[in-house]
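A.B. asks: Show me the folded form of this:
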Amino acid sequence: MPKSRHFNCRLFASRNTQSTKIRKYPNVPAWSIVWQVKLLLKEELDRESEAEYRMRLFAVDGGADAMTGSAMVTASAMVTVHVIDVNDNRPRFSKPLYEVFLPENTPAGTVVITVDAFDDDEGQNGVIDFQFAVSTQESSSSDVFSINNSTGQIVVKVATVFNPLSHEHTDTILLL
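C.D. replies: Residues are numbered from 1 along each chain as shown. So this is what the prediction gives:
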């Protein structure tokens, strides 16, 4: 669940003529001076630690309010910054080692194990695609096992007369 943080900010616009813009806005009387605000980052954003920032801005003028006589007149606005995810996290397996013991006559189609991995990124950036390493694909292990690329389920691929899982042929098959 994304976290959000609320900030109260006070905007005191300088009267620097370079930052003053005169524009016509639909709900602003005739012509008005509009002060532009720039939000600058103090540090790099990380969506996984903070997905949203909410700030309330106040614009305060230097004159007196004609109705109340108070020293300043203010207006406020809410600003919400949504941090968009980038693919900056690697997938991680739930365990560093998965070890399974199978009888030598295990039939084809038998589910050996389902490996599990997760990624802190969201959306398409967090989708896991399981596959055997190139070294495994080029070995005899890929003749014996297959992996479902979306579920991580490893299955005995084929049952043959020459059973590659036979103890006489090998004690261990390592999938890297």
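A.B. asks: what's the neighbour count on the closest residue to Gln131 other than its chain neighbours?
C.D. replies: Take Gln131 and drop its neighbours on the chain: the residue closest to it by Cβ to Cβ, 6 or more residues apart in numbering is Asn149, 5.8 Å away. Just so you know, the C-beta spots here come from the backbone N, C-alpha and C atoms, and that holds for glycine as well. The burial count assigned to Asn149 is 12, neighbours taken as other Cβ atoms under 10 Å.
A.B. asks: By mean pLDDT, point me to the weakest helix or strand of the chain.
C.D. replies: strand 20-23 (a mean of 41; mean pLDDT, DSSP states H and E).
A.B. asks: which intervals of this structure have sub-threshold pLDDT?
C.D. replies: 1-36, 62-67, 69-73, 159-176 (pLDDT under 70).
A.B. asks: Would you map the strands across this structure?
C.D. replies: 4-11, 20-23, 32-35, 52-60, 74-82, 92-93, 111-114, 117-118, 145-147, 153-156 (DSSP state E).
A.B. asks: gap between Ser139 and Phe145?
C.D. replies: When distance is defined by Cβ to Cβ, to the nearest Å, Ser139 is 10 Å away from Phe145.
A.B. asks: more neighbours, those two?
C.D. replies: Each of Ser139 and Phe145 had its neighbours counted (other Cβ under 10 Å), and the higher figure belongs to Phe145 (20 against 16).
A.B. asks: The more buried one pairs with what?
C.D. replies: Val156 (DSSP bridges).
A.B. asks: surely it meets Ile154?
C.D. replies: Yes - counting by Cβ atoms under 8 Å, Ile154 is a contact partner of Phe145 at 5.5 Å.
A.B. asks: Now do the same contact list for the residue nearest to Gln131.
C.D. replies: If you count contacts by Cβ atoms under 8 Å, 6 or more residues apart in numbering, Asn149 has them with Asp129, Phe130, Gln131.
A.B. asks: Check Leu45 too.
C.D. replies: If you count contacts by Cβ under 8 Å, 6+ apart, Leu45 has them with Val83.
A.B. asks: Report how many residues lie close to Arg47.
C.D. replies: Residues near Arg47, counting by other Cβ under 10 Å, number 19.
A.B. asks: How is the protein partitioned into domains?
C.D. replies: Recorded structural domains for the chain (assignment: automatic domain parsing) are 4-82, 92-156.
A.B. asks: how much space is there between Val60 and Thr80?
C.D. replies: 21 Å.
A.B. asks: Compare those two (neighbour count), which wins?
C.D. replies: Neighbours were tallied for Val60 and for Thr80 using other Cβ under 10 Å; the higher tally belongs to Val60 (14 against 9).
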